[in-house]
Each structure stands twice: as structure tokens, then as C-alpha cells.
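S.K.: okay, predicted coordinates and the sequence, questions at the end:
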Amino acid sequence: MLRRLHIRDFVLVAELELELGAGFTVLTGETGAGKSILIDALKLALGERGDATVLHPGSSRAEISAEFDATPELTDWMHEQGFEPQDGVLLRRVIDAQGRSRGYINGSPATLTQLRAAGAMLVDIHGQHAWQSLARSGAARELLDAHAQAAEAAQACATAWRQWKNLSERLDAARSDAGRLQDEREQLAAQLAELARLAPQPQEWEPLNAEHHRLAHAAELIEHLQAAEQLLDDDETGTSRQLARAHQELHAAGQIDANLAGLIEQLESAQSLVQDLAHELAAKLRQTELDPRRLEEVDARLSAWLGLARRHRVPPEELPSLWQSLQAKLAELEQGIDLPALERQVEAADKTLRQAAAQLSALRAAVAPKLAQGVQQQMQSLGMKGGRFEIALQPLETIQAQGAEDVELLVAGHPGAVLRPMARVASGGELSRIALAVAATTSAQQPVGTLIFDEVDAGIGGAVAHTVGRLLATLGESRQVLAVTHLAQVAACAGGHLQVSKQSAGEATQSRMQRLDMPQRVGEIARMLGGDAASAVAQAHARELLQSASNPSQLQT
């Protein structure tokens with residue numbers, strides 16, 4: 001249920017704080033007063049698109065907040081989306097003068113998609129041109145699927161159709177391009193054969209270069225190692241020999257001056273270090289030798305590597321990743337060329353699609369007669385005695401994303417009339433009443449806590465208007481119902497009455513709203529009846545309507 005609606009700087013509304021209760025509440029006022037502005041503001045809070053044109057003149061931003069009671073379904077959804085559930089649910093929307101929009105759910109930023117998803121679980125809005133939307137292609141199918149709670153089945157059918165469509169297109173392309181694909185496959189296979197002979201491995205390029213450089217300069221390397229070893233370990237002039245002589249001299253000096261002990265230790269450490277280094281150099285020299293055969297092998301591999309890299313126009317270090325990518329491309333191409341395998345996949349996808357479509361068709365077929373009967377019953381009480389309403393399921397030649405059939409609403413407005421598509425029904429009044437019958441029937445099945453009817457009673461009058469009012473009041477017994485109306489008979493049936501008025505102060509014009517008590521309701525309903533609202537006759541008629549509405553047995557039929 002909508003608890004509170006706060007509007008600031010929206011169109012003609014400077015600021016409005018509206019608290020709402022359960023049951024049936026009407027919004028009335030003179031034409032142009034701004035009755036539907038409130039509905040438009042609520043739609044923005046529910047995620048409808050908007051721009052800077054909605055701002056109140058002279059303001060920098062418009063702000064709308066709508067607070068609802070939380071429902072278990074919405075609470076679960078909020079947990080999934082990462083919003084913090086609270087006692088209520090606060091949807092907030094801000095639009096600035098540049099047209100930038102921000103949305104919030106319980107104070108946390110939210111996208112328009114999230115606002116719309118939350119709003120769909122809270123509010124069901126029926127506009128004044130509801131019959132036009134029912135005449136739109138696809139609207140009847142959406143109406144039936146929603147009533148049948150077939151959203152999951154419809155999604156499964158659409159997904160299966162897309163999968164079948166994609167595979168069918170791949171099969172058609174493979175059949176028409178079989179020759180071209182075969183040439184491409186052979187070319188890839190030849191390229192891969194060359195790469196496979198080389199089998200370039202990741203992280204191989206740098207070590208291979210280093211080994212080639214070492215083998216190519218092996219003679220020079222041996223020469224330098226020998227020279228270094230000789231300088232360290234020559235019997236006459238080597239560093240080891242010189243250090244040994246220095247140690248003898250320093251040791252003799254230490255016999256005279258005991259303070260030289262530290263220097264002697266350092267020299268001994270240097271001797272040990274040089275000896276170790278000389279031994280390592282000798283070992284390295286023994287391991288290093290000219291290896292023309294290995295050099296030839298490495299040189300051949302390096303040349304092959306560079307040649308393939310130039311041929312494929314990639315840096316040498318990227319050759320292993322190119323090999324992997326061409327292998328994957330060939331595998332994909334071979335799968336595409338495998339017509340029998342593709343045909344089997346298409347057959348399997350077609351079977352899945354038919355099963356999904358059959359399940360969706362079964363749900364539609366089970367619910368369509370019940371929904372049609374409910375709408376037809378409502379039509380009888382809305383001044384269309386003997387009128388008929390059917391939901392026709394027209395089989396399609398081929399299964400589409402929306403299923404195996406199209407859905408069409410057929411209407412006969414009076415006894416003896418031929419059932420025709422709703423879009424061809426001529427009378428605007430009949431269209432409005434049929435749309436209201438559909439709205440009442442489907443809304444009764446909706447889980448949302450708030451129903452809003454925005455002048456859906458257009459084209460209705462007389463005794464039928466009483467019935468419309470009682471219909472909305474009946475819906476209000478189990479949920480919150482808000483209705484914008486211009487009919488006194490409808491307004492009289494409401495439990496709550498809000499009046500919207502337009503006031504001018506200088507060049508500024510604003511819409512204001514007040515909750516009416518019983519004497520004020522009498523005056524407003526008298527105004528809606530036409531003539532002089534202050535006359536005793538009009539007010540007597542208004543009181544009679546209010547009294548009749550409180551006692552349904554007194555209503556005219």
C-alpha cells in the first residue's frame with residue numbers, strides 16, 4: 001500500500017505531502033487542475049523516464065518520494081539486489097535542470113530498471129487510454145501471460161527460440177559457404193602443420209636466444225675464463241700466490257705487533273674467497289667447451305622460429321599464443337563444417353523449442369477461458385448486457401519467440417453482435433467499459449497492494465457510472481485503490497476524497513490538494529454534477545448520491 005507521497009517542484013506542484021490509507025480514494029477537480037499530475041509524479045518514482053520539462057518553473061530540480069508497505073516478495077528481491085530492507089519501502093527520484101536523473105531505494109542508489117522492477121511489485125496503473133494499449137499488437141498476449149503467471153514459461157520459449165534461430169542460421173551459413181569454409185580450413189591446417197613441426201613453447205624464446213648467443217661465442221668465453229683463472233691461480237703471478245706471500249709477511253709482522261691479528265684474519269678470509277672463486281672458475285671452464293653440433297641445432301630452431309614469426313607478421317615471442325589461437329579457430333571451423341553435427345544440434349534445439357512452446361500454450365489455453373469469462377461478467381454490470389468477450393488463440397505457421405500462437409481479444413458489445421477484434425470496436429464508450437472490465441478482472445488477480453485508475457471511466461455515465469464506482473469500491477475492500485475521476489457517481493462511492501485545485505498568485509500557478517470532509521464532499525460532488533454547486537437542489541442530489549453509495553441496495557441498475 002502507498003503510505004505517503006511527497007512531491008517537490010514538479011510541474012505545477014511546488015510542494016505536496018500526501019498521506020494515504022487503505023480502501024478506495026478518489027481524486028477530483030476541475031479540468032486542468034492537475035489531477036493526473038500526481039499520477040505522473042508517482043510514475044517517475046516508479047522508474048518511468050523523465051526530463052527537465054517536469055521541473056516547476058524557476059526550480060533547479062524536481063523530487064518525488066513514494067513510501068510503501070513492504071511485501072515479502074519485494075523484501076526478497078531487495079535482498080537479492082543488495083538493498084537494505086526496512087519496515088517500509090521508499091522509492092525516490094530526483095531530476096535536475098539538465099535532465100539528469102537519480103533514483104534511490106531506501107536511500108541507496110538505484111537504476112531506473114530497479115525502480116521499475118520494484119514498482120511492478122507494488123503498483124498497477126491503468127491509464128485513461130487503457131483500451132488503446134489493449135489494441136496494441138502484443139498487448140493481449142502480455143495481458144494473458146501475466147494473468148496466467150507464465151512469465152517464466154514465456155522466457156523459456158523466447159530463449160529456446162533464440163537458440164534454435166542461432167543454430168539454424170549457422171547451419172544455413174555452413175551449407176552455403178561449405179566451399180569457402182573448406183578452403184579456409186585447408187589453409188589453417190597447413191599453417192598449423194608448420195607451427196606443429198616447430199611446436200613453439202611459452203617462455204622458450206628468451207632462453208633460446210640466450211643459449212644461441214652463448215654457443216656462438218663459446219671460444220671467446222673459454223678464452224676469458226682461462227685468463228681469469230690464470231690471474232687468480234698462477235703459480236708465480238696469480239692472486240692466490242700473491243695473497244699467500246702477503247699472509248707470510250703479515251704473519252711475521254704479527255709476531256711483533258699483536259694488534260695486527262684483525263688484519264691477518266681479513267687477509268685469510270680474502271685468501272679463502274679467492275681460492276673458492278678459482279675452484280669455481282676451473283669447474284666452469286671444464287664444463288664449457290665448443291659444441292658445433294648443438295650450435296647448429298639451436299641456430300636452425302632460431303631461424304625457423306624467426307621465419308614463422310615473419311610469415312605470420314607477429315613478434316617471435318607471440319608465436320606460441322598464435323599457435324593456440326589458430327588451433328582454436330580450426331576447431332571452431334571444423335565444428336561449423338560438420339554439417340551432420342550441426343543438423344543434429346538444430347533438431348535438438350527445435351525439439352526443445354516445441355516443448356517450451358507447448359508448455360506456454362498449455363498455460364494460455366487453461367487461463368484464457370477463465371479470464372474471458374471474468375471480463376464478460378464485468379461487462380454485464382457495466383451497461384453491456386448480453387455483450388461477449390473471448391480470448392482467441394490463433395496458431396502461427398511457425399513457432400516464434402512469443403510462442404506457437406498469437407493472442408487476440410474479441411468483443412461483441414451487445415446481443416446478436418458478431419465477435420470482432422477489440423481494435424475494430426467503434427464506440428469509444430464501449431472501449432472504455434471493456435478496458436475497465438479487463439482492468440478490474442486482471443487487477444483482482446494481481447499481487448500488488450495499490451491499484452490506480454486514471455480516468456478509465458471516460459465515456460461512461462448514468463447508471464453505469466454507479467456500477468463503476470461500486471466496482472472500484474469492491475476492489476478497495478482487499479487493497480488500496482486510487483482513482484482520478486470526473487464522474488460524481490464514482491466519487492460518491494469512495495471512502496476517501498481528495499480535491500485538486502489550481503491557484504494563481506501573480507504570474508505563478510500552482511496545483512494544491514486537500515482532503516475533503518463530508519460537507520466539502522457534498523459541495524465537490526454537487527460541482528461535478530454540473531450547474532450551480534451552491535444550489536440546494538445540487539447539494540441535495542449530492543447528498544443522495546453519497547447516501548446511496550453507502551447503501552448499495554439503493555443504487556439504480
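M.R.: Nice, thanks for sending it over.
S.K.: does residue 124 touch residue 443 like I think?
M.R.: Yes: using Cβ atoms under 8 Å, residue 124 makes contact with residue 443 at a distance of 5.7 Å. Where you see a C-beta, it was placed from the backbone N, CA and C, and this is true even at glycine.
S.K.: what touches both of these two?
M.R.: residue 451 (Cβ atoms under 8 Å, 6 or more residues apart in numbering).
S.K.: helix, strand, or coil at residue 311?
M.R.: Secondary structure, DSSP: H, G, I helix; E, B strand; the rest coil: residue 311 is helix.
S.K.: give me the number of residues near residue 62?
M.R.: Neighbourhood size, residue 62 [other Cβ atoms under 10 Å]: 25.
S.K.: what sits against it?
M.R.: 8, 9, 10, 44, 50, 54, 55, 56, 94, 95.
S.K.: could you export those residues to JSON lines, including columns for secondary structure, pLDDT and distance to residue 205?
M.R.: Formatted as JSON lines, the contacts of residue 62 follow (DSSP: H, G, I helix; E, B strand; the rest coil; pLDDT from 0 to 100; distance: Cβ to Cβ, whole Å):
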{"residue": "8", "secondary structure": "strand", "pLDDT": "92", "distance to residue 205": "67"}
{"residue": "9", "secondary structure": "strand", "pLDDT": "91", "distance to residue 205": "67"}
{"residue": "10", "secondary structure": "strand", "pLDDT": "91", "distance to residue 205": "67"}
{"residue": "44", "secondary structure": "helix", "pLDDT": "93", "distance to residue 205": "61"}
{"residue": "50", "secondary structure": "coil", "pLDDT": "88", "distance to residue 205": "59"}
{"residue": "54", "secondary structure": "helix", "pLDDT": "89", "distance to residue 205": "63"}
{"residue": "55", "secondary structure": "strand", "pLDDT": "91", "distance to residue 205": "64"}
{"residue": "56", "secondary structure": "coil", "pLDDT": "86", "distance to residue 205": "69"}
{"residue": "94", "secondary structure": "strand", "pLDDT": "95", "distance to residue 205": "57"}
{"residue": "95", "secondary structure": "strand", "pLDDT": "94", "distance to residue 205": "58"}
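S.K.: name the nearest of the residues you listed relative to residue 145.
M.R.: residue 44 (26.8 Å; Cβ to Cβ).
S.K.: how far away is the closest one from residue 106?
M.R.: 17 Å (Cβ to Cβ, to the nearest Å).
S.K.: looking at the two, which is more packed in?
M.R.: Taking other Cβ under 10 Å, residue 44 and residue 106 do not tie; residue 44 has more neighbours (25 against 18).
S.K.: the more buried one and residue 91: what is the separation?
M.R.: Counting by Cβ to Cβ - residue 44 and residue 91 are separated by 10 Å.
S.K.: so who does the residue lying closest to residue 229 once chain neighbours are set aside touch?
M.R.: With sequence-adjacent residues excluded and distances taken as Cβ to Cβ, 6 or more residues apart in numbering, residue 229 is closest to residue 281, at 4.5 Å. Applying Cβ under 8 Å, 6+ apart to residue 281 gives the contacts 225, 228, 229, 232, 233.
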